[in-house]
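[1] Return atomic coordinates for the entry below.
(one chain, ligands or ions: 1)
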Amino acid sequence: MDFQAVLDEIVATLEPELGAGTVASYIPALARVSPRQLGIALRTRAGEEFCAGDAATRFSIQSISKLFSLTLAMRHVGDDLWQRIGREPSGNPFNSLVQLESEQGKPRNPFINAGAIAVADRLVTHCANARADVLTLLSGLCGEAVGFDEEVAASEAATGFRNVALANFMKSFGKIDNDVAAVLDLYFHQCSAAMSCVQLARATGYLCRDGAHPLGGAEVVSERQARRLNALMLTCGTYDAAGEFAFRIGMPCKSGVGGGIVAVVPDTLSLCVWSPGLDETGNSLLGMKALELFVARTGLSVF
Ligand code: DON
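    Here you go, the predicted model:
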């Protein structure tokens, strides 16, 4: 298949719509990003890479980081992780508090904010330096140095009142072991990591290779863990739009409010799209359209 032609055509098709959607502004440092950008990159299981548009521009990966922090936690904590975190779609927005009270502080899944904060708490317990471990994982997976954007991390720390509330609420149920400040410091930093579509398409390669490292093939996670990560992405990776994503796209996806979405066709390829304008569920508007066009042109999905 001529993937380069497919990606070029997707970017050309969406060109007239550049700027659609709303850039996330509740994190002030993100509000300055121009919405008139669109990038797309893919990497095949065999390691061929293709990209189009603004695929080399680094952006704030935000909630896409939850995929990598979960990967680290699966490695360090193993199945005990699931005593603290569920595996069901929430049907609620990513930053919702409502289910936590009736469910005694156990988040529905690791991809809503509450779940990712609970994962961060496990990492603070199990890693000597969790922030460094996140960067080591990201840099190793894409073969290039990845850093945190300290301005974005500070901006979110200054305005992340809901996340502070979520962490304290879970702590009141005895479901957060560490200092809330230390847990949120990790969470805000992981969300601030800056990566490009090319880097993210490469970094998620282990999810289409049964857990094998995209560069070299060492085990990142086991085959069973890779399957589970893909299952969680399909059911929970795009929050209350997960049903719509499965219906329209049919690939495990993980989105972030920076406008990135990573997607996987198991055994075949991993890809990343980025466009900063979001829809009302916090998912990239043009990113979603780009993935829909990709599936329409290639027939590649899990269904
Ligand atoms: O905690 C937050 O609100 C952000 N750091 C991340 C949210 C996010 O990316 C949701 N995804 N669409």
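
[2] What segments of the stretch 1-150 of the chain are strands?
    Using DSSP state E, counting those that start in this stretch, the strands of the stretch 1-150 of the chain run over residues 39-44, 49-53, 59-60.

[3] quick one: contacts of the shortest one?
    Contacting residues not belonging to strand 59-60 are listed as 29-30, 33, 149, 152, 191-196, 256, 258-260, 274, 276 [Cβ atoms under 8 Å, 6 or more residues apart in numbering]. For glycine as for every other residue, the C-beta is placed from the backbone atoms N, C-alpha and C.

[4] cutoff 7 Å now
    30, 149, 152, 192, 194, 258, 259, 260, 274 (Cβ atoms under 7 Å, 6 or more residues apart in numbering).

[5] what does stretch 75-91 give?
    Against stretch 75-91 from outside (Cβ under 7 Å, 6+ apart): 73-74, 96, 99, 106-110, 112, 115, 118-119, 122-123, 126-127, 175, 221, 232, 235-236, 240, 242.

[6] If I look at residue 106, what pLDDT would I see?
    As predicted, residue 106 sits at a pLDDT of 97.

[7] anything in the helix or strand hosting residue 296 near the ligand?
    Following DSSP states H and E, one finds residue 296 within helix 285-298. No: on the criterion Cβ under 6 Å from any ligand atom, helix 285-298 is out of touch with the ligand, staying 10.5 Å away.

[8] Please name every helix or strand in contact with that helix.
    Contact partners of helix 285-298 among helices and strands, from 3 or more Cβ pairs under 7 Å, 6 or more residues apart in numbering; DSSP states H and E: helix 3-14, strand 260-265, strand 269-274.

[9] mind checking which of the ones you listed is nearest residue 157?
    The minimum distance between residue 157 and these falls on strand 260-265, with 20.9 Å, by Cβ to Cβ.

[10] That closest one pairs with which strands?
    Applying DSSP bridges, strand 260-265 is found paired with strand 253-255 (antiparallel), strand 269-274 (antiparallel).

[11] Quick one: mean pLDDT for it?
    Here the average pLDDT along strand 260-265 is 98.

[12] do that strand and the ligand meet?
    No: judged by Cβ under 6 Å from any ligand atom, strand 260-265 stays clear of the ligand, getting no closer than 8.8 Å.

[13] How about residues contacting that strand?
    59, 61, 64, 200, 204, 207-208, 230, 233, 251-255, 270-274, 283-284, 287-288, 291, 300-302.

[14] That one vs helix 285-298, what angle?
    20 degrees (axes from the mean of the first three to the mean of the last three Cα atoms, to 10 degrees).

[15] Could you export strand 260-265 as CSV, CA atoms only?
    Output of strand 260-265 as CSV, limited to C-alpha atoms (Å, rounded to 0.1, in the frame of the first residue of the first chain):
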residue,chain,number,x,y,z
GLY,A,260,-2.6,14.6,19.5
ILE,A,261,-4.2,11.2,19.0
VAL,A,262,-2.2,7.9,18.7
ALA,A,263,-3.9,4.9,17.1
VAL,A,264,-2.9,1.3,16.7
VAL,A,265,-3.7,-1.5,14.2
